[in-house]
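> Curious how this folds, go ahead:
(3 chains)
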Amino acid sequence: MESRANVFEVRDLEVGFRVFRGHLRVLDKANLVVEHGEKVGLVGETGCGKSITMKATIGILPIPPAHISGGSILIDGRDILKLRGRALRHTQGLLSLIPQDPSASLNPVFRIGTQLADAIKYSTANANLGRKAIRKRSIEILSEVGLPDPERNLASYPVQMSGGMKQRVLIAMALVTDPLLLIADEPTTALDVTIEAQILRLMREAVDRRDVSILLITHNLGVVREFTDRVYIMYAGQVSEEGATSDLFSTPLHPYTQGLIASVPKLTGEGVASGIEGMVPDYLDVPPGCRFSPRCRHTMPVCSEKPEMRLPEAAHGVACHLFSPAPGEEKPCSN
Amino acid sequence: MSFSSFLIRRLFHSVVILIGLSMLIFAISRIMPGDPARLALGARAPEEVVQQWREWMHLDDPIHIQYYYWIKDALQGKLGQSLWTRRDVSIDIKSFLPATMELVLFSGLIMAVFGITLGALSARYSNTWIDNTVRVSTYFGVATPAFVVAIFLLLIFAYALQVLPTMGRLGQSIAAPPSRTGFLVLDSILAGNGTALADALRHLILPSIALAMGGLAQEARITRSSMADNLLKDYIAVERSQRIPPRVINFKYLLKPSLIPTVSILGLDFAAMLSNAFLVELIFGWPGLSRYGVEAMVRKDINAVTGVVLVMGVIFISVNIIVDIVVGYLDPRIRLRMEDH
Amino acid sequence: MSALQDAPRLSHPRLRSAARAVRRSWYKFSRNRLSVVGLSAVCIVILLALLAPVISPYPRHAGKFVDFANANRPPSWTYLLGTDVVGRDILSRIFFGYRFSLLMGIIVLALVVPPGVILGLIAGYWKGSWIDTVIMRITDVFLAVPPLVLALAIASVLQPNLYNAMLAVSLMWWPWYCRLVYGVTSSVRNEFFVQAAEVAGASKVHILLREILPNCVSPILTKISLDMGWVILLGAALSFVGLGVQPPRPGLGTMVADGAQYMPDSWWISVFPALAIMFVVLGFNLLGDGLRDVLSVEEV
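Now for the predicted structure:
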């Protein structure tokens, strides 16, 4: 057990939205951890709260109507929910975002060079670099992400580049600040499959080379399986299962995870992929306790209480009453 | 596709339009009922003189010949003679144009600066009292025609409060500075004449505000909605995640893309301003081109009317070219893509 | 149950769904308070115009009438908005003035919309060909002159009266509809349903009118309601200069012009007609904005 703080930690985070019709309770005491050098995945359907976790961390959550009602978000051991001003900016600067849609994530009326230079200039790692040094750094980082002819690309506008090229630029912008943690928000969803493979490879190489951690947010199980060391499965604002990727895929414990894996059509052609019955809950009127219980085949009366995260196997946690100890057994420890 | 080829295409486009415009104006001027020769020479002129005059003016030639002569003269700056002032129309226009241009440029400045600023403030403080006040005012600003604004302004400031003058460009008692540009403001500055400058500005304020009001309201609305829309865009969120300071984001990364629709509309608003200048000049007794034009129209002075419309068209087309160039500079997507129309 | 069955129902299924669509649109429209204000203002103006002879306190003042004894009276209980320089009641004249304004708007738009739409359809459908270039260049030429200037120029070569003013405004207004429809047509032109119709051998007329035109209806309607305001404004401007509604008829712009020389003493002669213009233009603007919000959601 390292004495260093974890690179990134979310503890009991609760996020809600105040809307006209009422109050949406989205994140319900979510917990996750990213340790030094790890590649962690955060998986869930659209609307499960993974983007909200990311936005709350980066600080781009629109605070009214959203509000963080509890919990903490720790970057390198410091709780950013308690920080303000320069300390907050400095700490948030320790991580970088790789956004989802490369075409929408670059300002269309400024050159790549300008935007990259500003990303460099305002990062804590590169403070006080002169213009020439910034330009040199820009060219270096563009080469590192595999863009041919960096000088020309610096002078180009986003409209002149392909989707894959733009995503490389965004990865460059994320890497150039020497972050502790990369948060990649569905980085390949908007790209073609062939480009997706290239970008994933690029990200993996960069992460390995620089010894930086990465939190990969996605709904694509295939990407998770290939890329990550550990993975968290999220459903309707609750973390339902967590563990090493290989463990999770070989022995999925939570009914939701089992349903997800079964939903992916197999190339070997055995049988038809099944879906999961029912629908994602309406956050206005969320079921008490385990939010998956309305759709679960194994639902029991006790499921109306929120299940705790337990570890039936080493380093493989699940929040499901199927794994709760019978009354009288000793309490399990959580991670 | 580079900037210069974009420019060249635009200019060519404008020349074509100019030619078409000249044909249109020519057509209008020739459909007027009545005999232009008679009108020019009066009812008592003898028949041979009238006939001579008709030949001299090519009035009996086929229409395209007439057009040819007209264009040839126009390009040399000869726009015929005004039936009313009995001077060359080009001289008339030259003497009245600077007054109108000064008014229009001043109004344009007010419109752009205040419009964009108010719109930006409205977006920055959206849903507060600032925003709501601006939005309600713009509704009224857009709906009120310039001549109505002019009348109200006159009522309040010139008559009720008596703080600003009512007519003309310069008070009776002030000596005008030597006319170098024709723009009283510039001429006063050049001559170092502070009293004249102050007085000229006092006379400029009310008519400019009246003219600028409609466009100002439009610009404010467009700026506001464009900034509010762009604030939600992904790239702004990404820039914030890159820890770029909010000041830089607002004044650089948000402002530039938001200005694109604003500047695009500037051309249309300018056209509206040129039109409204006609009426505002009438109300304020401003000795400008528009007033000359309206008098000419009421008196059916074809040459003058034609001349004025042509000059207005040229001004407007030039402004549009400038606006297109600025928009092309602001938005690289326009000049880097093949545009179809 | 039987009460419902006895109620009259639209038997044609298309009418029924159209009625449903109207009800839904009205619901959306009524949520925006400003749009409802606009609609109310427009309805008030229409009512005033239609009922002018009945509700005016002094209907005869709208025509040739003089009463110098009561000239230049400020607003009072006898003459709610005052009288003008020859003793005519301003309020009544405003009611009748709205008739001219609305007439102008309706006639101009009726003259302008059909040719503009047709030319726009043609130019957009044959986009890229010489037809397109010619039509669009012609519209560019008309649009190259500031609106009022062109209208004034045209009106000035003709006899000054309301009908010629309408003609003048129409001649410079049609390009806007042409451009609007051109834009929609050229973007819709390559959609699958158009290509399907072409392959099936439908006549060009059918394609233009039955396939493409319905897509243009929403923006056209929005523009019409916004334009009513502008046309009325333009008409007032023309009348102000003396080229529109001729005295002694009560055009709103004419009334403002009449009163301009008596400012500021008899301010009511200009101010109330000016406010009347503002009222109707504001109403149409708000209505048009509301329509745009309602109609545009239906489109992609």
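> residue ranges for the strands of chain A, please.
With strands called from DSSP state E, chain A shows them at A:8-19, A:22-34, A:39-43, A:66-75, A:78-79, A:95-98, A:181-185, A:213-218, A:230-235, A:238-244, A:310-313, A:316-318.
> I'd like these laid out as JSON lines, including mean neighbour count and mean pLDDT.
Heads up, the C-betas are built off the backbone N, CA and C, glycines and all. Listed next are those as JSON lines, based on neighbours: other Cβ atoms under 10 Å in any protein chain shown; pLDDT from 0 to 100:
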{"stretch": "strand A:8-19", "mean neighbour count": "18", "mean pLDDT": "85"}
{"stretch": "strand A:22-34", "mean neighbour count": "19", "mean pLDDT": "84"}
{"stretch": "strand A:39-43", "mean neighbour count": "26", "mean pLDDT": "91"}
{"stretch": "strand A:66-75", "mean neighbour count": "17", "mean pLDDT": "86"}
{"stretch": "strand A:78-79", "mean neighbour count": "16", "mean pLDDT": "88"}
{"stretch": "strand A:95-98", "mean neighbour count": "27", "mean pLDDT": "90"}
{"stretch": "strand A:181-185", "mean neighbour count": "25", "mean pLDDT": "91"}
{"stretch": "strand A:213-218", "mean neighbour count": "25", "mean pLDDT": "91"}
{"stretch": "strand A:230-235", "mean neighbour count": "25", "mean pLDDT": "90"}
{"stretch": "strand A:238-244", "mean neighbour count": "24", "mean pLDDT": "88"}
{"stretch": "strand A:310-313", "mean neighbour count": "16", "mean pLDDT": "77"}
{"stretch": "strand A:316-318", "mean neighbour count": "23", "mean pLDDT": "83"}
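> B:V148: which of these is closest?
B:V148 sits nearest to strand A:8-19 of all those, at 42.8 Å, using Cβ to Cβ.
> Please name the nearest non-neighbouring residue to residue 179.
Going with chain A. Leaving aside its chain neighbours, A:P179 sits nearest to A:S96 (4.1 Å; criterion: Cβ to Cβ, 6 or more residues apart in numbering or on different chains).
> To clarify, I was referring to chain C.
Nearest non-adjacent residue to C:R179 (Cβ to Cβ, 6+ apart): C:T139, at 6.0 Å.
> Helix or strand next in line after the helix or strand that neighbour falls within, which one?
Per DSSP states H and E: C:T139 is located in helix C:130-143. Where DSSP H and E defines the elements, the next helix or strand beyond helix C:130-143 is helix C:147-157.
> In CSV: the strands of chain A, plus distance to B:T138.
Listed next are the strands of chain A as CSV, based on distance: least, Cβ to Cβ, whole Å:
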stretch, distance to B:T138
strand A:8-19, 29
strand A:22-34, 34
strand A:39-43, 45
strand A:66-75, 30
strand A:78-79, 45
strand A:95-98, 37
strand A:181-185, 38
strand A:213-218, 42
strand A:230-235, 45
strand A:238-244, 47
strand A:310-313, 60
strand A:316-318, 57
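> Which one of these lies nearest to A:E196?
Nearest to A:E196 among the strands of chain A is strand A:213-218 (10.8 Å), distances taken as Cβ to Cβ.
> next one: the closest one to chain centre, how far?
In terms of Cα atoms, centre = their mean, to the nearest Å, the centre of strand A:213-218 is found 4 Å from the chain centre.
> what does it rub up against?
Residues outside strand A:213-218 that contact it (Cβ atoms under 8 Å, 6 or more residues apart in numbering or on different chains) are A:7-8, A:34-43, A:50-51, A:54, A:180-189, A:203, A:207, A:223-224, A:227-228.
> Next, the contact list for the spatially closest residue to A:A30 that is not a sequence neighbour, please.
Spatially, and ignoring its direct neighbours in sequence, A:A30 is nearest to A:L13 (4.8 Å; Cβ to Cβ, 6+ apart). Shown in contact with A:L13 (Cβ under 8 Å, 6+ apart): A:L27, A:K29, A:A30, A:N31, A:T53, A:A56, A:I68, A:G70, A:G71, A:S72, A:I73.
> Closest one of these to chain B?
A:A56 (12.2 Å; Cβ to the nearest Cβ).
> Look up how far A:I75 lies from that closest one.
12 Å (Cβ to Cβ, to the nearest Å).
> And B:N230, by the same measure?
As for B:N230, its distance to A:I75 is 29 Å (criterion: Cβ to Cβ).
> OK, contacts around residue 21?
This is for chain A. Taking Cβ under 8 Å, 6+ apart, one finds A:L284 in contact with A:R21.
> wait, chain B
B:L310, B:G313, B:I317, C:V141, C:A144, C:V145.
> Out of these, the closest to chain A would be?
B:I317 (26.1 Å).
> Tell me the gap between the helix or strand that contains that closest one and the middle of its chain.
For B:I317, the host element (DSSP H and E) is helix B:302-330. On the basis of Cα atoms, centre = their mean, helix B:302-330 sits 8 Å off its chain's mean C-alpha point.
> coming back round to it: which one of the strands of chain A lies closest to B:Y235?
B:Y235 lies closest to strand A:95-98 among those, at 11.9 Å (Cβ to Cβ).
> what sits up against that closest one?
A:8, A:54, A:57-58, A:75, A:167, A:170-171, A:173-175, A:177, A:179-185, A:187, A:203, B:238, B:241-242.
> taking the residues you listed one by one, which sit in helices?
A:M54, A:T57, A:I58, A:Q167, A:L170, A:I171, A:M173, A:A174, A:L175, A:M203, B:V238, B:S241 (DSSP state H).
> For these, which two are the farthest from each other?
Among the ones in helices among the contacts of strand A:95-98, A:T57 and A:Q167 lie farthest apart (Cβ to Cβ), at 20.9 Å.
> Please compare those two by neighbour count and tell me which comes out ahead.
Comparing A:T57 with A:Q167 by other Cβ atoms under 10 Å in any protein chain shown, the one with more neighbours is A:Q167, at 30 against 24.
> And the residue of chain C that's closest to chain A?
Closest point on chain C to chain A, by Cβ to the nearest Cβ, is C:R31, at 12.1 Å.
> tell me the angle of the helix holding C:T139 relative to helix C:147-157?
In terms of direction (axes from the mean of the first three to the mean of the last three Cα atoms, to 10 degrees), helix C:130-143 departs from helix C:147-157 by 80 degrees.
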